[in-house]
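Undergrad: Dropping a prediction and its sequence here:
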Amino acid sequence: MMGLLQWLEGSSFAVWLKESPSIWAYPTLLFLHTVGLSFSVGPSVAIDLRLLGFGRRLPISPLDSFFKIIWIGFWVNAVSGTVLFVTDATSKLANPAFYIKMSLVFIAVGVMVVMRRRVFRDPDLDARPIAVFGKCLAVASIVCWFGAITAGRFMTYFAGG
């Protein structure tokens, strides 16, 4: 496994990404990763806050269309994150913050899927108060996204990240 990771890091593509002075290399990938993050987390938190009772005059059911944007952001992040991973795979896999980040991202995505199936499929969503389960999902989503972003930032400071 380590041999494969070292080969990936040493590939001409990974070396070009890390060492190129071109704005189209590493800076563009970081930009895409940030944009993907904002398209995933921004709408997720907007939905979460609405489920928690903020903006009570706004109906909740139209927020269902945000899930398309969230998925687009997620896939932009998945692709850009994978490419960023290739540039420093051995260090990232030795970094505990990487595992925390990825675990929280996967949990947040799972929470989002459950939220859409269990909360947004309710035909009376706008007619009655949000159940405790929906509110717990909203809190879990916010905590996971905040934790994933924080762990991602901490990757720089731990285990040679």
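TA: Perfect, thanks for sending it.
Undergrad: mind showing which ranges of this protein have poor pLDDT?
TA: Scanning the chain for pLDDT under 70 picks out the ranges 159-161.
Undergrad: Which stretches in it count as helices?
TA: 2-10, 12-19, 26-51, 66-87, 89-93, 96-118, 132-154 (DSSP state H).
Undergrad: Take these and write them to a markdown table, including mean neighbour count and distance to D126.
TA: Just so you know, the C-beta spots here come from the backbone N, C-alpha and C atoms, and that holds for glycine as well. Shown next, in a markdown table, are those (neighbours: other CB atoms under 10 Å; distance: least, CB to CB, whole Å):
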| stretch | mean neighbour count | distance to D126 |
| --- | --- | --- |
| helix 2-10 | 12 | 49 |
| helix 12-19 | 14 | 47 |
| helix 26-51 | 18 | 11 |
| helix 66-87 | 17 | 15 |
| helix 89-93 | 17 | 43 |
| helix 96-118 | 17 | 16 |
| helix 132-154 | 17 | 13 |
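Undergrad: what's near enough to touch the closest residue to L125 other than its chain neighbours?
TA: Leaving out its chain neighbours, the residue that sits closest to L125 by CB to CB, 6 or more residues apart in numbering is S61, at 5.0 Å. Residues near S61 by CB atoms under 8 Å, 6 or more residues apart in numbering: 120, 125-126.
Undergrad: Among those residues, which one sits closest to F13?
TA: Nearest to F13 among those is F120, at 40.0 Å by CB to CB.
Undergrad: how much space between the residue nearest to L125 and M1?
TA: 46 Å (CB to CB, to the nearest Å).
Undergrad: for A46, same thing?
TA: A46 is 40 Å from M1, by CB to CB.
Undergrad: And L63, by the same measure?
TA: 42 Å.
Undergrad: cool, and A97?
TA: With CB to CB as the criterion, A97 and M1 are 20 Å apart.
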